[in-house]
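Undergrad: Sequence below, structure please.
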Amino acid sequence: MVLKMTDELIIKDLHVSIDGKKILNGVDLVVRKGEVCALMGPNGSGKSTLAYTLMGHPKYTVDKGEAWYKGKNILELPPDERAKLGLFLSFQYPQEIPGVSVSNFLRTACNAVKQSPISVPDFVKLLKEKMKLLKIEDSFSRRYLNEGFSGGEKKRTEILQLAVLQPEMAILDETDSGLDIDSLKTVAQGVNAMLNPGIGILIITHYQRILNYITPDSVHIMVKGRIVKSGGKELAHELEAKGYDEFIKEAEVEV
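TA: Numbering: from 1, shown residues only. Down below sits the predicted model:
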């Protein structure tokens, strides 16, 4: 099966396992450019597995299904080719890289995914512009990546990567976890500043609170490795009021 070139990330009947244990059980999802798609679900539902599978983490085995973007089944591509197509993943638990400054890391990453290398002056201008947007001090760029960073600083760094790399399809894996309200607002402001018709964003989250600051176009609830309900932004408010138990029971009945 080959889909035509499209601005949508189309996930079809995706089944994924880890060490023989099934995690995803037939996920169907479409993320469109120019829109924010929220994926919500309890712990262990498979949300992060979906994110890492889309970016090509070797730990996850695709048993069945496809994920089409720009006319290619990205599940058949190595991670670097997926990044060059315009895909981006913001990690839930960003790794420390001692000895590598934030600035050098971002410039290397930028040159790795762009068609042509960016000059040092142009990169410095871009970096300062995006740091100002996220209310990050200039000295931050000289620190080693995530070393000694607070939870909020790590998440701001992830959004700074988003701002600098300017991907076309961004997956934000629980970017709100561990953030106080001020950090959450700043991160949300940065994400909102990135919104335009040329980028699609998949926000993965447990809670509705980040959606108070980033308005989703669609909301999808994942339980036990599959999406059990989809709707508009009002679905997040329904979930906040009812909790996950009702959706878990509905999923069990359907099985």
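
Undergrad: what separates stretch 144-159 from the chain centre, distance-wise?
TA: 16 Å (C-alpha atoms, centre = their mean, to the nearest Å).

Undergrad: which residues sit against that stretch?
TA: Contacts to stretch 144-159, defined as C-beta atoms under 8 Å, 6 or more residues apart in numbering, come from residues 90-91, 94-102, 105, 134, 136, 140, 143, 172, 175-176, 178-180, 183, 186-187, 190-191. C-beta here means a position set from N, CA and C on the backbone, and glycine is covered the same way.

Undergrad: Mind checking which of those are in strands?
TA: Within these, residues falling in strands by DSSP state E are 90, 97, 98, 99, 100, 101, 172.

Undergrad: what kind of secondary structure is residue 29 in?
TA: Using DSSP: H, G, I helix; E, B strand; the rest coil, the structure places residue 29 in strand.

Undergrad: Does it touch residue 37 like I think?
TA: Yes. Residue 29 lies in contact with residue 37 (C-beta atoms under 8 Å); the separation is 7.5 Å.

Undergrad: so what's in contact with those two at the same time?
TA: residue 220.

Undergrad: show me the contacts for the residue nearest the centre of the chain.
TA: Geometric centre of the chain, nearest residue: residue 171, 1.7 Å, by C-alpha atoms, centre = their mean. Neighbour list for residue 171: 51, 54, 55, 87, 88, 89, 90, 201, 202, 204 [criterion: C-beta under 8 Å, 6+ apart].

Undergrad: now, which of those residues lie within helices?
TA: In helices, defined here by DSSP state H, the members of these are 51, 54, 55.

Undergrad: The second one: neighbouring residues, count only.
TA: Residue 54 is surrounded by 26 other residues when neighbours are defined as other C-beta atoms under 10 Å.

Undergrad: try the one 4 residues further on
TA: Burial of residue 58 is recorded as 8 neighbouring residues (other C-beta under 10 Å).

Undergrad: what's it sitting at in phi/psi?
TA: phi -70, psi -10 (degrees, to the nearest 10).

Undergrad: For it, give me the pLDDT.
TA: Looking at residue 58, its pLDDT reads 94.

Undergrad: quick one: the strands in the stretch 151-255 of the chain?
TA: Ranges of strands within the stretch 151-255 of the chain are 169-173, 200-205, 218-223, 226-231, based on DSSP state E, counting those that start in this stretch.

Undergrad: In JSON lines: these, plus distance to residue 74.
TA: Output for the strands of the stretch 151-255 of the chain, formatted as JSON lines (distance: least, C-beta to C-beta, whole Å):
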{"stretch": "strand 169-173", "distance to residue 74": "10"}
{"stretch": "strand 200-205", "distance to residue 74": "13"}
{"stretch": "strand 218-223", "distance to residue 74": "19"}
{"stretch": "strand 226-231", "distance to residue 74": "19"}
